[in-house]
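In: Here is the input, now give the coordinates:
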Amino acid sequence: MSANLAEAIRKAATARGLTVTTAESCTGGMVAAALTDVAGSSAIFERGFVTYSNAAKTEMLGVSPATLEAHGAVSEPVVHEMAVGARDAARADIAVSISGIAGPGGSETKPEGRVCFGLAGPVGVTTETVEFGALGRAQVREAARDHALGLLASALGVEAD
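Out: Purely as a prediction, here's the structure:
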């Protein structure tokens with residue numbers, strides 16, 4: 001699924017003259033990899049950010065330490081700042097951000113499988129939290145990758161399969 005969706009994103013972004021970027025934590029670059037697996041992706045994707053630690057989120061994307069302290073890395077306020085920071089740093093038109101608990105583990109307040117997403121585009125920023133459940137680390141990461149690709153596709157007017 002991700003290959004077809006990535007190709008559709010490439011086509012739609014190219015047709016509209018738009019660029020995309022990623023800011024990833026728990027997926028460790030899986031969204032960027034899916035996008036750049038597609039031939040011709042350099043027309044729409046120049047760079048992505050893997051910001052696994054809080055320090056990386058702050059240093060590379062400008063996420064406020066106060067936001068991290070108040071809400072934790074897995075939160076909608078943080079992915080909001082990640083998406084805006086990535087869009088600005090990459091000078092891209094659209095950015096998607098991801099931070100979550102892939103597992104194993106988690107806590108009562110932030111369970112395994114919780115993933116927060118941000119999308120920053122020309123018309124503003126949206127955030128959402130998805131509870132994938134305790135599917136296992138690899139499955140949560142794959143589900144998060146696919147969801148992020150779906151958000152990019154939706155922002156570009158592409159129908160997800």
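
In: And the closest residue to L149 other than its chain neighbours, its phi and psi?
Out: The shortest distance from L149 to any non-neighbouring residue, by C-beta to C-beta, 6 or more residues apart in numbering, is to L5 (4.6 Å). For the C-beta atoms, the positions are set from N, CA and C on the backbone; glycine is no exception. The phi/psi pair for L5 (degrees, to the nearest 10) reads phi -70, psi -40.

In: next one: L119
Out: phi -140, psi 120.

In: Which pLDDT does the model give it?
Out: We have a pLDDT of 98 for L119.

In: if I pick it, what's in contact with it?
Out: Contact analysis of L119 by C-beta atoms under 8 Å, 6 or more residues apart in numbering lists 83, 94-97, 125-127, 151-152, 155.

In: Quickly list what it is bridged to.
Out: Using DSSP bridges, the bridge partners assigned to L119 are V96, T126.

In: repeat for V50
Out: The partner residues for V50, given DSSP bridges, come to E24.

In: so who does it touch?
Out: 24-25, 28-29, 32, 56.

In: Including pLDDT, could the residues you listed go into TSV?
Out: Below are those laid out as TSV (pLDDT from 0 to 100):
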residue	pLDDT
E24	98
S25	98
G28	97
G29	98
A32	98
A56	98
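
In: Among those, name the buried ones.
Out: 24-25, 32 (16 or more other C-beta atoms under 10 Å).

In: Report the buried residues of stretch 116-135.
Out: Using 16+ other C-beta under 10 Å as the test for burial, stretch 116-135 gives 116-121, 125-127, 130, 132, 134.

In: so how far is L152 from the residue nearest the centre of the chain?
Out: By C-alpha atoms, centre = their mean, the mean C-alpha position of the chain lies nearest to S97, the distance being 2.8 Å. From S97 across to L152, the span is 11 Å (C-beta to C-beta, to the nearest Å).

In: which residues are contacting the lowest-mean-pLDDT helix or strand in the chain?
Out: When each helix and strand of the chain is scored by mean pLDDT, DSSP states H and E, helix 2-16 comes last, with a mean of 94. For helix 2-16, contacts defined as C-beta under 8 Å, 6+ apart pick out 19-20, 34-35, 37-38, 40-41, 43-44, 93-94, 145-146, 149-150, 152-153, 156-158, 160-161.

In: got it, and stretch 140-148?
Out: Here stretch 140-148 makes contact (C-beta under 8 Å, 6+ apart) with 1-2, 5, 22, 24, 26-28, 30-31, 34, 96, 98, 100-103, 112-113, 115, 117, 130, 132, 135.
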